[in-house]
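Enquirer: Build me a structure from this.
(2 chains)
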2 protein chains.
Amino acid sequence: MALSHCISRNACKLYGDKLKSYIYVTALKLNTSSKGDSHDNNQDRFKYQRTTRPKRGVVTLACGSAGIFLALSALHLHRKNTCRHITSREITYVPNTFGFGKVLAASESPNEPGQIIEGLPTYSRADVAAHNTVETKIWVTFCNGVYDITQYLQSHPGGNKILLAAGKSIEPYWNVYSAHKNEEIYDVLETLRIGNITEPDPKKERNRDDPYRLDPVRSPLLIPCCEKPFNAEPPAEILTDMFYTPNHAFFVRNHLPVPCVKTEKYALQLELPGQKTCLKYEELRKMPKKSVTATTMCAGNRRNEMIKVKPVKGLNWKAAAISNAKWSGPSLDDVLKKFKVDIDKVNSNYIVFEGMDKQPDGSPYGASIPIEIARSLKDVIIIAYEMNGAIIPRDHGYPVRVMIPGVVGARQVKWLNRIYFSSEESTSHWQRNDYKGFSPSVDWDNVNFDKSVSITELPVTSAICEPVEGTDLEKDSETVTVKGYAYSGGGRGIIRVDVSADGGKTWTEANLKPNGQTPYTSYAWTLWEVDLSLPQDADETTLVAKAVDISYNVQPDSVEGIWNLRGVLNNAWHKVNVTRGKQNKTSQQDENSKEQQEMTVEQKEKTDQQEAKK
Amino acid sequence: MALSHCISRNACKLYGDKLKSYIYVTALKLNTSSKGDSHDNNQDRFKYQRTTRPKRGVVTLACGSAGIFLALSALHLHRKNTCRHITSREITYVPNTFGFGKVLAASESPNEPGQIIEGLPTYSRADVAAHNTVETKIWVTFCNGVYDITQYLQSHPGGNKILLAAGKSIEPYWNVYSAHKNEEIYDVLETLRIGNITEPDPKKERNRDDPYRLDPVRSPLLIPCCEKPFNAEPPAEILTDMFYTPNHAFFVRNHLPVPCVKTEKYALQLELPGQKTCLKYEELRKMPKKSVTATTMCAGNRRNEMIKVKPVKGLNWKAAAISNAKWSGPSLDDVLKKFKVDIDKVNSNYIVFEGMDKQPDGSPYGASIPIEIARSLKDVIIIAYEMNGAIIPRDHGYPVRVMIPGVVGARQVKWLNRIYFSSEESTSHWQRNDYKGFSPSVDWDNVNFDKSVSITELPVTSAICEPVEGTDLEKDSETVTVKGYAYSGGGRGIIRVDVSADGGKTWTEANLKPNGQTPYTSYAWTLWEVDLSLPQDADETTLVAKAVDISYNVQPDSVEGIWNLRGVLNNAWHKVNVTRGKQNKTSQQDENSKEQQEMTVEQKEKTDQQEAKK
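Expert: This next block holds a predicted model:
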């Protein structure tokens, strides 16, 4: 059956020949029951886009309420540890009354990607891990397949990013770049097949006395800077590819073991003026659902640069302790109004949030924000149970997290247990003795945490995510494409990002990707990209980025001037050193070596012919 | 009559012996009619504190509504170009029913300060102006008196600040430092008397064709960077002495000639959704009076530092194009509500303000702010007719100015004529083609004003006001007292100012003077002061200041990184170079020279004795 048979007349008219490529990259609507032929809407599309490893079922074409869109995509069938895509040839089309169709996954093609192929050698995970450079050859795994991608590096449309998976499984990355999950790419992958791997994923031993034993399993894509409590960031170079960071790639900042919470037992404790009450999980879900798109950043993001100036105490975050998501649930204002509380009239200085994550002495994680911030944000502070359209993952606060847009991550309390008003800040360690800024001359001998102001809103910042530090560009490259993010606290939108390819001598304005927000309520980051001319005759240079927000706040030039003993608030100009032709061969050299190879072939033929003549 | 006779029993009990010094520095309540024996309140006290050169009349003691305070001070009688103070001996006390008294200025003392003294030499203004360094001797004038203050420099409690008046009249400075206006200081002054000056103040010629011919007379204290239109800043070193900048010392930023407006003809034009209306001056004054204390800063403040990096177009402001005042009048919200307009429901993107100052083509000065800013500030945007408790001076917008706290001065439209709502920004030159920031690499060949965002809120900044650039400290000074201001836009309060005495290697936190505002609605500047240890063995160093606001925004290190072709938004670390003992003698040297002088006297006596013996 031709693909166009699955599509309504309107859709065909709209998309014509572009249809085939389009549907591969659109979202997956999966119904595990055969009833699922209903219309989809944007919200649901969003939700299912992030569903991975669905069960066998049906794929529907759907019409979004905001206009026609298509929701046919590849379907994984996973059974006995194999994954495969259905192909267009396998689709069974069942028209319905709306002019759209329901398609059923039917027969299976004989060569599923990643399945064990009899007769190929079998490798261990250690074997694969040992092949992670061009010198050793670069191997990756996909399901039960082992692949040598060394020759494919140059042709990879995504460039060097493929090297993130060197010696490892490519699956975590393909969950992020889900456009890979299509028949054509599986076909390419199988051409690089060299063997099988049958060894199961190593299971971590769990010690009964380990308070972290019940922590969730994380994506191998995340790079931990601490295992217990778990703190990890995604590779910077994948951050700027997506406005919404996929949940499994979202940076994790835990202070304590992840609580195990059952929604049927969950109730949000509310200590409101004159009343103590609570809201059960199901009650929260029944309230009007509102959403906010907000960027979460750890105050310690980019601490690794501060450490280089002078030692500091804190996790050694690089530049990816930041992510962006859409959070949904009732608004704080709606929750308070349900109990007849008007936050504009509450006579308190702070609103305090407590988590269910507890210290060994039983005291919980806690944070507070000034009441004036809570008032100005009351409509956009979300008591969230959804993250990017899915149930919030355990690492990000399941079942309920308070999302206060425009403030530092530390105040966006996860595993939210209790809300109350107070004349003073949260008494938690993290409010009183952490997450505060200091003058560069304050050291551990003279520090006074009481004197310093708690971090609430964050200052304007930006970072280069691509290329990464130490990238060696082609020797004859004249330009470099630089990508990154920029963000400012308090809803202050980004109005300009200047990027330099010569260490800050000259600047070019980056192209800012629209984030759909308004200048003074811009709680999401701004992604940007720019092509820069490289300085001539220099085989190394420093790329620099600095952002400007709507209030014309700018980043400071140096880390030295903002250094502080806790290593927080590093928003200095972000710098990335790159070289040109220091490791790689030039394209010209490639051409020459190809010519040499061809000559060798010719010579060989000559030799062969000569030999044959003998 | 003893002074204490003028004071109520309560006041005596409260102030006791401190009374005499206290009353000299408190405010003047002057009633030109003999009816004036009414109570005063804080508001009025404030108002009259700034009245200069009152007419002959009565001085009352008054009781503020918020507690007892005293308002007896020196009274100028100015007649035939002479000024004098009444002394306590001249007071006639008339008790009233409240236990306070009315006092009448009576007899005149024989030696009024600044009066012509027969027999002294007469000097011209040019003579005085030529005496403005230690080498030439330092002369100043007061009324008709000429004084040589060279010997007094070391004893002046205010230090080198006295040199601001070198070769000029001290009166503009004593209007700022009004504590000088007391009998004791006049007595000291007269001991330095060397002559008379009878030449009247030079009157500027006024050309009938000059559009600026009707501009007001300004205080000679202001340092102009442009005469027409008039733009001037006060000496930086007087800025940080007062939280409220006196009106006559407030920096002036005019774009066009100052309009001549009669209040009886004034009406604020209001183009509101569905109605065109107006509010007469008297109607504005009858509305509930609200006040906001707000700092006004020109976006071009500190342009002189940017010019040093690379030429820019704009006035060569130093660091004092900033001032702070209390503005009073009805709030914007009250004005709109009077006409049943709820700004939260107005369906427009901008609110536009137009002045009465006009370009040669008749088009007025104009500015706009985004509606979301107007909404969030609706209660604190003041349609002001008072500045620091007095009628707004002509240079600052008489009769009505819109004071939008937390935004750049250019949007705080003076001589306010019209308010309207619009889907787009003000079309004025100053909104569209001025007051915008640019990347350092934008030049006049590639600039695109349409692409850049208009400045509304200003970024965090600070500056050192004392010591001034080039100050030569005593050779044996071990410390230096540094004073300055810090400010951030959008109501973001200042939480820290770091100051360095070694060019930014080490930092000390300055003491911030409370400004009575809350962290997120801090529209006034923060003044600060710090004593720093000077680096040992260095005879020159750079003082540096940088501030942090409540959102932890910081100042950039260098001017280079924020340079822009219009020279606006310079909030780089502020630097002041000082030397130690390069010009001045050391205190030790002073001691030595004193000893030498004493020896000389002894020697002279010896010589005299020897001569007498002969």
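Enquirer: Assign the residue lying closest to A:Ala129 once chain neighbours are set aside to helix, strand or coil.
Expert: Nearest residue to A:Ala129, sequence neighbours excluded (CB to CB, 6 or more residues apart in numbering or on different chains): A:Gly167, at 4.3 Å. In short, each C-beta sits where N, CA and C put it, glycine included. Here A:Gly167 is coil, with the state taken from DSSP: H, G, I helix; E, B strand; the rest coil.
Enquirer: So A:Gly167 is in contact with A:Arg125, correct?
Expert: No: counting by CB atoms under 8 Å, A:Gly167 does not reach A:Arg125; the two are 9.0 Å apart.
Enquirer: where in the stretch 51-200 of chain A is pLDDT low?
Expert: A:51-111 (pLDDT under 70).
Enquirer: Break down it into its strands, ranges please.
Expert: Remark: strands assigned in the stretch 51-200 of chain A by DSSP state E, counting those that start in this stretch are A:58-60, A:91-95, A:101-105, A:122-123, A:132-133, A:137-142, A:145-148, A:193-197.
Enquirer: Can you pull the phi/psi pair for the closest residue to A:Ala130 other than its chain neighbours?
Expert: Among residues not flanking A:Ala130 along the chain, A:Thr136 sits closest, at 6.4 Å (CB to CB, 6+ apart). With angles defined as degrees, to the nearest 10, A:Thr136 sits at phi -90, psi 0.
Enquirer: And A:Thr136, how far from A:Gly195?
Expert: 15 Å (CB to CB, to the nearest Å).
Enquirer: which one of the two has more residues nearby?
Expert: A:Gly195 (19 against 12; other CB atoms under 10 Å in any protein chain shown).
Enquirer: Let me see the contact set for that one.
Expert: For A:Gly195, the contact set (CB atoms under 8 Å, 6 or more residues apart in numbering or on different chains) comprises A:120-123, A:145-146.
Enquirer: now do 7 Å
Expert: A:120-123, A:146 (CB atoms under 7 Å, 6 or more residues apart in numbering or on different chains).
Enquirer: Could you tell me how many residues sit around the closest residue to it other than its chain neighbours?
Expert: Leaving aside its sequence neighbours, A:Gly195 sits nearest to A:Val146 (CB to CB, 6+ apart; 4.1 Å). The local packing count at A:Val146 equals 24, with neighbours defined by other CB under 10 Å.
Enquirer: A:Val146 bridge partners, please.
Expert: Beta bridges link A:Val146 to A:Thr141, A:Gly195, judged by DSSP bridges.
Enquirer: so it makes contact with A:Val128?
Expert: Yes: judged on CB atoms under 7 Å, A:Val146 makes contact with A:Val128 at a distance of 6.1 Å.
Enquirer: Nearest to chain B: which residue in the stretch 151-300 of chain A?
Expert: A:Ala299 (8.7 Å; CB to the nearest CB).
Enquirer: show me the contacts for that residue.
Expert: Contacts of A:Ala299 by CB under 7 Å, 6+ apart are A:408, A:410, A:435, A:455, A:458, A:568-569.
Enquirer: rerun that using 8 Å as the cut-off
Expert: A:Ala299 makes contact with A:408-410, A:435, A:455, A:458, A:568-569, according to CB under 8 Å, 6+ apart.
Enquirer: Please confirm that it is located within a strand.
Expert: No: per three-state DSSP, A:Ala299 lies outside any strand segment and is coil.
Enquirer: Find the nearest non-adjacent residue to it, please.
Expert: Leaving out its chain neighbours, the residue that sits closest to A:Ala299 by CB to CB, 6+ apart is A:Val568, at 4.2 Å.
Enquirer: Kindly state the pLDDT recorded for that neighbour?
Expert: A:Val568 is assigned 98 on the pLDDT scale.
Enquirer: In contact with it, which residues?
Expert: Going by CB under 8 Å, 6+ apart, the list of residues near A:Val568 reads A:299-300, A:303, A:314, A:435-437, A:455.
Enquirer: one more time with 7 Å, if that's ok
Expert: A:299-300, A:435, A:437, A:455.
Enquirer: Farthest-apart pair in those residues, please.
Expert: A:Gly300 and A:Gly437 (11.6 Å; CB to CB).
Enquirer: What sits closest to A:Pro172 if chain neighbours are left out?
Expert: Spatially, and ignoring its direct neighbours in sequence, A:Pro172 is nearest to A:Leu221 (3.8 Å; CB to CB, 6+ apart).
Enquirer: contacting residues for A:Asn564?
Expert: A:437-438, A:440, A:442.
Enquirer: ditto for A:Leu569
Expert: A:Leu569 is in contact with A:299, A:437, A:455, A:459, A:562, B:552, counting by CB under 7 Å, 6+ apart.
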